[in-house]
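**Student:** Just need the structure, nothing else, for what follows:
(chains A and B)
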Amino acid sequence: MSDRDFIILATILYAISAGTLFALKKDEHHRLHAIRYLLCLCGFIFHSIFLVLRAIDIHHCPLTNLFESFIFITWTMVLIYLVIGRTYRLSILGLFTTPMVVILNLFAAISPIDKLTTNSQAGFWAELHAPLAVMSYGAFAIAAATGAMYLLQQFLLKTHKITEWVYLLPSVAEMQKVTTRLLLFGMSVYTLGLLTGFIAGAGKGWSIMDFKTKWSILIWLLYGLLFLGYWRSWWGGRKAAYGTVILFCFVIFTFWGAYLLSPIHR
Amino acid sequence: MKFFCIGINHHSAPVEIREQIAISEERYPIFCKSALQSCDLTEIATLSTCNRVEIYAVGRKTDQPVDKVKELLLSNINDRRLIEPHIFSKEGEKAIEHLFEVASGVDSMIFGETEILGQVKQAYEKATEGQFAGKILNRIFQKTFQTAKQVRSQTNITKGHVSVSSVAATLAEKIYESLDNLHVMIIGAGEISQKTARTFVNRGVSSVSIVNRSLDRAEQIARDLGVSAHLLDDWQSKALEADIIVSSTSSPNLLITRKEVEDLMSQRPGKPLFLIDLAVPRDIDPSINWMDDCYLYNIDDLQAIADEASSQRIMELAKCREIIRKKTNDLFTWVDNNTIFYNR
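**Tutor:** Residues are numbered from 1 along each chain as shown, chains lettered A, B, ... in the order given. Reported below is the predicted structural model:
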């Protein structure tokens, strides 16, 4: 059994968990929430086994190529869901998280991106920089999920469509609070990731003109602006929620390009 | 021994009849003691709510306990001919089924309401405390609570909210984190305003203020509810603190315009506002619903949600009855096997 088989197993479990969406009308939400959570937990265990096996195999934090990066991002997403789903009683968040995780895992699994890289002897700061940066993407992904949940709940309340979903989703204020905290967490970790990246790059031929560095600074500025907007209520809840979704889509769709255009990250 | 129930409820009599037969707290122990002594009963429990006065009792099969309890119920009534036709009675299996339906909310005026189970529990506790209940009633009431719980958990009988004010309170819970820290402003002092104010007070909001053209009227209602009263002219300053604004005035024109709410929202950034327009003609500009962080519902919107919940609950009736019938048969078989009571 190769390490990649564990990712396939994990993805199947996440997909089944996401599939409970279709059983929503069965009036057994509490049991479904528990099943969904349990499936995610099992998937997470397999997901973690992959990362451990890969780390043992390459003797590094498994973030040496694009495949590993995507798998690490989705691992962080599931970890955050498992933690905040319990803390904030947001078990419904699983329905928004697992489909994203399944898509990203499938994309990573079928793309020819799991290649051995020559740039894996990067040192302590780089070993710290990469997981911190990736962890923040996980937080931004979950913030995008809570933002999407906010938009759905707001749409239903404004259009007076009081369906099953209104009762299943948390209140708009709760989702706004969770999104703000996720953005704060993501921004803090991302800032640390950037700083450790600067330290790691110093003296190794790194330049601020490196494409991924410029891209990362742009992302930091955009998320910083979004977080400040949330925190200081510069714009209404709807625009802010759209911001979390659009900005994360931008990150995920440009991540590959930024990676490929940066020799120091490849 | 025979188990039976006798009484009057919202199906059998209007409120002016029901109120004449009500058993007050003071009269309760006297009534039970005299029923046990003079009506050949061995056990008795009485359920007295605004919609029903029902007596559940166990009597000796050789006597006529049902007729005797009926006489006792009518003993204090001046014109018994008015009341007598409204009294109903059920015996044995039918009586058990009736009690199960009552406790499950199937027999309630608001189908599926849950308050009744608490009232049935109270009736049983009072009977136990007064030593009016024994082995048979204990068994029957315990089974009643189990059945009611099963009906609630296995059907959608309690799902959704079926009154306009409770729908409004539930929607508020979907906008804000909790109702505990919310400030509610009620504009108008009519009946519907009072009802809504009471619902929010009962749901535990932080504060309620009544705003009205006539301060005297507002103060009168505010005193009853233990809330504050203000003049209508002050509504905009009061609205700055409010999370929920309920308007129910008889004003022929719009009372709250979009411009006013835009000004209000600019002074309280990031704070959602829930507006409930219960007036006909409407008090609040409908376009406000499309402003960011504003949620507006009018009386028709809330009524439609309540009606939908009611119809969904009623669709569960067959499922409820199936559970109740099965449970009734089980209990009656047990009773029969234990030869505790027989049909007359």
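**Student:** Determine how far the last residue of stretch B:11-18 lies from the first.
**Tutor:** Using CA to CA, to the nearest Å, the end-to-end distance of stretch B:11-18 comes out at 10 Å.
**Student:** average pLDDT for it?
**Tutor:** Average pLDDT, stretch B:11-18: 84.
**Student:** same question, stretch B:215-224
**Tutor:** Mean predicted lDDT for stretch B:215-224 stands at 88.
**Student:** Show residues contacting it.
**Tutor:** For stretch B:215-224, contacts defined as CB atoms under 8 Å, 6 or more residues apart in numbering or on different chains pick out B:189, B:193-194, B:197, B:209-212, B:228-231. From N, CA and C alone the C-beta is placed, and that goes for glycine too.
**Student:** Likewise for stretch B:289-296?
**Tutor:** Contact with stretch B:289-296 is made by A:157-158, A:235-239, B:171, B:175, B:258, B:261-262, B:265, B:270-277, B:284, B:286, B:288, as judged by CB under 8 Å, 6+ apart.
**Student:** Could you list which of those belong to strands?
**Tutor:** Among those, the ones falling in strands (DSSP state E) are B:273-277.
**Student:** can I get those residues in JSON lines with neighbour count and distance to A:Ile49?
**Tutor:** Below are those laid out as JSON lines (neighbours: other CB atoms under 10 Å in any protein chain shown; distance: CB to CB, whole Å):
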{"residue": "B:Leu273", "neighbour count": "20", "distance to A:Ile49": "50"}
{"residue": "B:Phe274", "neighbour count": "23", "distance to A:Ile49": "48"}
{"residue": "B:Leu275", "neighbour count": "24", "distance to A:Ile49": "53"}
{"residue": "B:Ile276", "neighbour count": "30", "distance to A:Ile49": "53"}
{"residue": "B:Asp277", "neighbour count": "29", "distance to A:Ile49": "57"}
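**Student:** now for those, which pair is the farthest apart?
**Tutor:** Using CB to CB, these span at most 12.7 Å, a distance reached by B:Leu273 and B:Asp277.
**Student:** Overlap in contacts, the two.
**Tutor:** Joint contacts of B:Leu273 and B:Asp277 (CB under 8 Å, 6+ apart) do not exist.
**Student:** about what we covered before: okay, and which of the contacts of stretch B:215-224 map to strands?
**Tutor:** Using DSSP E, those in strands are B:209-212, B:228-231.
**Student:** buried stuff in stretch B:306-315?
**Tutor:** B:306, B:309-310, B:313 (16 or more other CB atoms under 10 Å in any protein chain shown).
**Student:** actually stretch A:171-189, sorry about that
**Tutor:** Neighbour counts over stretch A:171-189 (16+ other CB under 10 Å) mark A:171-183, A:185-187, A:189 as buried.
**Student:** now swap in stretch B:297-307 and tell me
**Tutor:** Going by neighbour count (16+ other CB under 10 Å), the buried part of stretch B:297-307 is B:297-299, B:301-302, B:305-306.
**Student:** which two in those are spaced the farthest apart?
**Tutor:** Longest span within the buried residues of stretch B:297-307, CB to CB: B:Asn298 and B:Ala306, 13.0 Å.
**Student:** what's the overlap in contacts for the two?
**Tutor:** Jointly contacting B:Asn298 and B:Ala306 under the rule CB under 8 Å, 6+ apart is no residue at all.
**Student:** Residue 225: how many residues sit nearby?
**Tutor:** Going with chain A. Neighbourhood size, A:Leu225 [other CB atoms under 10 Å in any protein chain shown]: 13.
**Student:** nope, chain B
**Tutor:** Counted with other CB under 10 Å, residues neighbouring B:Leu225 total 17.
**Student:** now do the one 4 residues further on
**Tutor:** The burial count assigned to B:Ala229 is 21, neighbours taken as other CB under 10 Å.
**Student:** hang on, it packs against B:Ile210?
**Tutor:** Yes - using CB atoms under 8 Å, B:Ala229 is in contact with B:Ile210, at 4.9 Å.
**Student:** about what we covered before: of the contacts of stretch B:215-224, which qualify as buried by neighbour count?
**Tutor:** When these are checked for burial by 16+ other CB under 10 Å, the buried set is B:189, B:193-194, B:197, B:209-212, B:229-230.
**Student:** Farthest-apart pair in those, please.
**Tutor:** Pairwise over the buried ones among the contacts of stretch B:215-224, using CB to CB, the maximum falls at B:Gln194 and B:His230, 15.8 Å.
**Student:** Flag the least confident of the contacts of stretch B:215-224.
**Tutor:** Ranked by pLDDT, these bottom out at B:Ser193 (81).
**Student:** Could you say which helix or strand holds residue 148?
**Tutor:** In the absence of a named chain, this looks at chain A. Per DSSP states H and E, A:Ala148 falls inside helix A:124-158.
**Student:** Please refer instead to chain B.
**Tutor:** Here B:Ala148 is assigned to helix B:135-154, by DSSP H and E.
**Student:** which parts of the helix or strand following the helix holding A:Ala148 are buried?
**Tutor:** Using DSSP H and E, the helix or strand that follows helix A:124-158 towards the C-terminus is helix A:164-168. Buried positions in helix A:164-168, judged by neighbour count with 16+ other CB under 10 Å: A:166, A:168.
**Student:** just how off-centre is helix A:164-168 within its chain?
**Tutor:** 25 Å (CA atoms, centre = their mean, to the nearest Å).
**Student:** so where do the helices sit in the stretch 201-344 of chain B?
**Tutor:** B:215-225, B:235-239, B:258-266, B:299-314, B:317-337 (DSSP state H, counting those that start in this stretch).
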